[in-house]
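Q: dropping a prediction and its sequence here:
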Amino acid sequence: MITIRSLFKKKENKEKITMISTYDYISAKLCDQVGIDCILVGDSLGMVFQGKSSTLEVTLEEMIYHTKAVRRGAKEAFVITDMPFMSYHTSLEKALENCGKVIKESGANAVKLEGGEEIAELVYKLVSIGIPVVGHVGFTPQKINTIGGYRVVGKEEEAERVKRDFKILQEAGAFMIVLEAVPLTLAKEITESAKSITIGIGAGPYCDGQVLVFHDLVGLVEDIKPKFVRRYLNGIELFRKALSEFKEDVEKGRFPTEAESYG
Ligand code: KIV
């Protein structure tokens, strides 16, 4: 069973940490079978699973629903749930209540929050009551409208803000912090002095670990392919081929055979 302690051991020993963002029982089970350290139930499910144009509409109930499915598949992995947009922004009390609900109902080991200074007090409170927190800085998809679209965050004068957000989260007690779409030199500089575990996505090779979305990795996302995504499988082609073969077999009377039927 992966724990915060075993994750820190890996960081200490300079062993890379692996994380997959996914949303269902079968993919979580596959991740577990090959020994992926952490599964993030990301709010990217709004785009990848639900086909929406951003993560903003995802609800707390949807995150809990998907985390329960993932938890059933993941017996060993450390499971982290993304807190969706506006579930931790209206008041400290409401945010604590919502994070507690996720931990109590879903089986997640930790919650992930996007932001810096504006969530520092919440991070501190959560950690002090026993809820581990993963931070998320750099490009933060819940701020897509103020950031102005998908882009690298942390070039030139923006670098100082990313470093500051990271430091604030680390001091507030976030044990792990995702760096998304930041220049690799910045991610390297942050990681070199970080006490928290750094996990990169579009942040270069020098973080303590890496995360990719399951559907990107197995080649099921056709329309967009950011530079940092490596497709390990042409899933879309394989799935299309299997579905076309099924269609043709049924239409030509080749499926099912008598052997595939009950006597
Ligand atoms: O929602 C998500 O899947 C994420 C990762 C891409 C880090 O936040």
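A: That came through fine.

Q: does A187 really touch C207, like I thought?
A: Yes: counting by Cβ atoms under 8 Å, a contact exists between A187 and C207, whose distance comes to 5.5 Å. For glycine as for every other residue, the C-beta is placed from the backbone atoms N, C-alpha and C.

Q: give me the common contacts of the two.
A: Applying Cβ atoms under 8 Å, 6 or more residues apart in numbering, one finds that A187 and C207 are jointly contacted by 179, 198, 200.

Q: can you map out the strands along the stretch 101-250 of the chain?
A: Along the stretch 101-250 of the chain, counting by DSSP state E, counting those that start in this stretch, strands occupy 110-114, 133-138, 176-180, 197-201, 209-213.

Q: could you dump those strands to TSV with mean neighbour count, mean pLDDT and distance to E248?
A: Compiled in TSV, the strands of the stretch 101-250 of the chain are given as follows (neighbours: other Cβ atoms under 10 Å; pLDDT from 0 to 100; distance: least, Cβ to Cβ, whole Å):
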stretch	mean neighbour count	mean pLDDT	distance to E248
strand 110-114	24	99	44
strand 133-138	28	98	45
strand 176-180	28	98	42
strand 197-201	26	99	39
strand 209-213	21	98	32
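
Q: output those in TSV, with distance to the ligand appended to each entry.
A: Below are the strands of the stretch 101-250 of the chain laid out as TSV (distance: least, Cβ to the nearest ligand atom, whole Å):
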stretch	distance to the ligand
strand 110-114	7
strand 133-138	6
strand 176-180	5
strand 197-201	5
strand 209-213	5
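
Q: which residue does the stretch 1-150 of the chain bring closest to the ligand?
A: Closest to the ligand within the stretch 1-150 of the chain is G42: 2.1 Å, counting by Cβ to the nearest ligand atom.

Q: measure that residue to E180 for me?
A: Counting by Cβ to Cβ, to the nearest Å, the separation of G42 from E180 is 11 Å.

Q: could you do V153 as well?
A: Taking Cβ to Cβ as the measure, V153 falls 8 Å from E180.

Q: cool, and F139?
A: Applying Cβ to Cβ, the value for F139 to E180 is 5 Å.

Q: list residues touching both of those two?
A: 153, 202.

Q: can you give the contact residues for the longest helix along the chain?
A: The longest helix of the chain (DSSP state H) is helix 235-251. With contact meaning Cβ under 8 Å, 6+ apart, helix 235-251 is reached by 215, 218-220, 222, 254-255.

Q: closest to I103 out of these?
A: The shortest approach to I103 among the contacts of helix 235-251 belongs to H215, at 25.8 Å (Cβ to Cβ).

Q: nearest to A259, out of the strands of the stretch 101-250 of the chain?
A: strand 209-213 (39.2 Å).

Q: now the residue sitting furthest away from the middle of the chain: how far from the ligand?
A: Ranked by distance from the centre of the chain (Cα atoms, centre = their mean), the top residue is G263, with 47.1 Å. As judged by Cβ to the nearest ligand atom, to the nearest Å, G263 and the ligand stand 48 Å apart.
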